[in-house]
Structure formats: structure tokens, C-alpha cells
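# sequence and predicted structure are below.
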Amino acid sequence: MLSRIKTDKKAVSEMVGYVLLVTLVVTMGVLVYAWVKTYVPTATIECPDDVSIFIEDVNCTDSILKLNIKNTGMFNIAGYFIKATSNPTEELATIDLSPNLTSEGNNASKAVLFLQENSVQVGDEKTSIFNLQGQVIYSIEITPVRFQEIDNKIRFVSCSEATIKKEVNCIETGPPH
Amino acid sequence: MKKRGLSPVIATTLLIVLVIAIAVIVFLWFRGMVKMEATKFGKNVKLVCEDVVFTASYSGGSLQISNNGNVPIYDMNVKKEGDGSYDTISLKNDILNSNWPTIGLNQGQAFSEDISSLIDTGTNKITLIPVLLGNTGEGEETFVCDEQYGYEIIIT
């Protein structure tokens, strides 16, 4: 009887040991996995190389900037960021013109967007009108944007590689609006 | 005999409770010691620093920055170097009525500010170091990218 009790005790002890060991290993595994997973590089948010946009025409009269762009790339786009320089010596365009949009489209996300999806199809032309309200500008910088699926999520992507610049003659100030 | 029979069960229960209690205490202590790494877009914020793309220029006291990438820049540290010393300022917090957007410089956005009063005469180089906003288990936290991801401007 005594030897049987001793045997039972040993059996329980081993089982507890295994359970603790397995629990410990599984817990450590989960913790290490969660930590290492953040270091695994995922898909970078970037535009395809063949996104391209072209300024067909731009003119400025009485502080009204009329811009006609054409999608000359291989992908549909959703719209564009538009920024301007207010000084001929400025290297970077920093004035956001999207709030000045008065024509078709909307200026959500600080960009001129025509619809939520990539509605500007390859070859499409779009004309936008901006009321500069007397703002003097010397050049404009346009960067196409599009929505694309990355890791099963729809992301808003700026295509900075396809940025174009153009000098504009918009230095005469119009009447205040 | 019955008393002796109960003893191993109680001892085992006590052992398990003790081990779990100690493990919880050690885990809580260790978590406080080791700061949880922040993540952004599901990956470590250190890796996201590689994806930050921006251009900058400084002329006539005016600093201009344009975020050309797809990673929002929450803040920008300006490291001023010259005369064998350096100092770092934040464009978001260290400038009164700063033009820096409250939520950070999102994709496609640009920033312009006259920082001539903050640049000492001995300063010969400034480095713009992006600061990102990441998520930890306890909320949002800022992360200053390494200087290697900074943008150097030589001041003449």
C-alpha cells in the first residue's frame, strides 16, 4: 500500500511538471511571436511606377486658376495634391490650393478628389477651377493620388514619384471675393 | 491515513498557485522594466522610419518641409550644429504659434515657418529628424527616428 501511494505521488508530480512546462513554453512562444512579428517587414505603402499625370493647360485670369490635367499613366487615379509657391525664390511649393477648389470634385484629405474610387481613368482629362482670392502664385506642383489595396485594406496613397511642376503666371491680384 | 492522503493534493495546489502568483508578479515587473515597442501600420515604428519621405529647404530664415511620402510625420526635431555644440528643438512644441499641424504633417502636406530667430549665428548645419506617432498597448506614443533618416541642410 505504501509503495502504491509513493508511485501515485510521483505520477501526479510528473504531470504537474509537464503541465507547467508546456504552459510556460506556450506562453513564452506567444510573447516572443508577438514581439518578433512587429519586426517582420510588411508591404510598403507606395504607388505603382507607371502612374503619370500631365498638365494639358493652365491659365490664370483675375485670380481664377483654371487647370486641365490628363491621366497619362497606366493606372487610374483618384485625384491630386496641388501646392503652389508664393515667391519666385521658393524651392518647395507649400501653399495648399485644394481649399480654393470651386469646380467639380471635393478637397477631402487636402487633395482634389473627383470621387471616392479611382475615377480618373487612363487617358481621362479633368478641368478644375481654383479661386485664389488674390493669392499670388508663381508655380504649381501636382502629385497624383489613388486608392489602392494593401494588406486587404484600402489605403490612400500619394504618388510622389509622379510629381510634376509648372510655372504659372498668376501674379496679378484680382478683386477680393 | 486520510490526512496523509490529502497532503499531496494540497501541496500540489499550493505549488501551482504559488508558481502562477510568482509568474504574474514577475511578468508585471518585467513589463514595467521593458518598454513595449510602438507599432505603426502593423510593424515596428523603427522600420516605418525607413518609409518616411520628405524634402526640405532653408533660405532667408524660412524653413520649408514637404511630406512626399505616405507616412504622416507627427513632429520634426531640428538639430542645430555649430561651434562644437548642438541643440535640438521641436517644430511642433518649441515654436510659439507654430504652423506645424496639430495632428502632424500628413501625406502631401507642406509646412513653412520663419525660424531665423531660433538659428544662432554660429549654426552651420541643421538636421531635420522626423518624429512618428506609434501605438503601444497602452496608447499612442511618439518615436524619434534615428538621425540616419534625417535631412541635412548646410547653412551658409
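Perfect, thanks for sending it.

# ok but B:Phe30 is inside a strand, no?
No - counting by DSSP: H, G, I helix; E, B strand; the rest coil, B:Phe30 is not found in a strand; it is helix.

# count of neighbours near it?
9 (other Cβ atoms under 10 Å in any protein chain shown). For glycine as for every other residue, the C-beta is placed from the backbone atoms N, C-alpha and C.

# near chain A, which residues of chain B are found?
Proximity of chain B to chain A, by Cβ under 8 Å from any Cβ of the partner chain, involves residues B:4-5, B:8-9, B:12, B:15-16, B:19, B:37, B:39, B:41-44, B:47, B:51, B:53, B:55-57, B:59-60, B:64-66, B:68-71, B:106-112.

# for B:Tyr151, grab the count of nearby residues.
B:Tyr151 is flanked by 16 other residues according to other Cβ under 10 Å.

# show me what it is bridged to.
B:Leu128 (DSSP bridges).

# what residues does it make contact with?
Each residue near B:Tyr151 by Cβ atoms under 8 Å, 6 or more residues apart in numbering or on different chains is listed here: B:54-56, B:127-128.

# which residue ranges of chain B form strands?
B:39-40, B:43-44, B:54-59, B:62-67, B:75-82, B:85-90, B:110-114, B:125-136, B:139-144, B:151-154 (DSSP state E).

# revised request: answer the last question for chain A.
Counting by DSSP E, the strands of chain A are A:53-61, A:64-71, A:79-85, A:95-96, A:112-113, A:125-131, A:137-150, A:153-158, A:164-170.

# of all those strands, which one comes closest to B:Asn97?
Closest approach to B:Asn97 among the strands of chain A is made by strand A:95-96 (18.4 Å; Cβ to Cβ).

# and chain A, which of its residues are near chain B?
Residues of chain A lying near chain B (Cβ under 8 Å from any Cβ): A:5, A:8-9, A:12-13, A:16, A:20, A:35, A:38-42, A:44-46, A:81, A:83, A:89-96, A:109-111, A:143, A:145, A:151, A:155-158, A:160, A:163.

# generate a PyMOL selection restricted to the buried subset of those.
Entered in PyMOL, the line below selects the buried ones among the residues of chain A next to chain B, by 16 or more other Cβ atoms under 10 Å in any protein chain shown:
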select buried, chain A and resi 16+38+45+46+81+83+90+92+93+94+95+96+109+110+111+143+145+156+157+158+160+163
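
# model confidence score at the residue nearest the centre of chain A, please.
Residue closest to the average C-alpha location in chain A (Cα atoms, centre = their mean): A:Val157, at 2.8 Å. The model reports A:Val157 with a pLDDT of 90.

# same check, this time on B:Leu105
92.

# so what sits opposite it in the bridge?
Counting by DSSP bridges, B:Leu105 is bridged to B:Ile73.

# and for it, the neighbour number?
Residue neighbour count, defined by other Cβ under 10 Å, stands at 23 for B:Leu105.

# that one and B:Gly69 touch, don't they?
No - B:Leu105 is beyond contact range of B:Gly69, at 10.2 Å (criterion: Cβ atoms under 8 Å).

# which residues do the two both contact?
By Cβ under 8 Å, 6+ apart, B:Leu105 and B:Gly69 have these common neighbours: B:Phe54.

# mind listing what A:Ser86 touches?
Going by Cβ under 8 Å, 6+ apart, A:Ser86 touches A:95, A:135-138.

# how about it, phi and psi?
Main-chain torsions, A:Ser86, degrees, to the nearest 10: phi -110, psi 10.

# the one 4 residues further on now?
As for A:Glu90, its main-chain torsions (degrees, to the nearest 10) stand at phi -70, psi 130.

# so it sits right up against B:Leu63, yeah?
No - in terms of Cβ under 8 Å, A:Glu90 does not count as a neighbour of B:Leu63; the distance is 11.6 Å.

# overlap in contacts, these two.
Contacts common to A:Glu90 and B:Leu63, judged by Cβ under 8 Å, 6+ apart, are B:Ser57.

# one step back: looks like the residue nearest to the centre of chain A contacts A:Arg146 (just checking).
Yes - between A:Val157 and A:Arg146 there is a contact at 5.7 Å, judged by Cβ under 8 Å.

# who touches both of the two?
Taking Cβ under 8 Å, 6+ apart as the contact rule, A:Val157 and A:Arg146 both touch A:Cys47.

# run through chain B and note the low-pLDDT ranges.
Within chain B, the segments meeting pLDDT under 70 span B:1-6, B:32-36.

# the nearest residue to A:Glu167 once chain neighbours are set aside pairs with what?
Using Cβ to Cβ, 6 or more residues apart in numbering or on different chains and skipping the chain neighbours, the partner closest in space to A:Glu167 is A:Ser139 (4.7 Å). In this structure, A:Ser139 bridges to A:Thr85, A:Glu167 when assessed by DSSP bridges.

# picking that back up, ok, the residue nearest to the centre of chain A to A:Cys170 distance?
Applying Cβ to Cβ, to the nearest Å, the value for A:Val157 to A:Cys170 is 29 Å.
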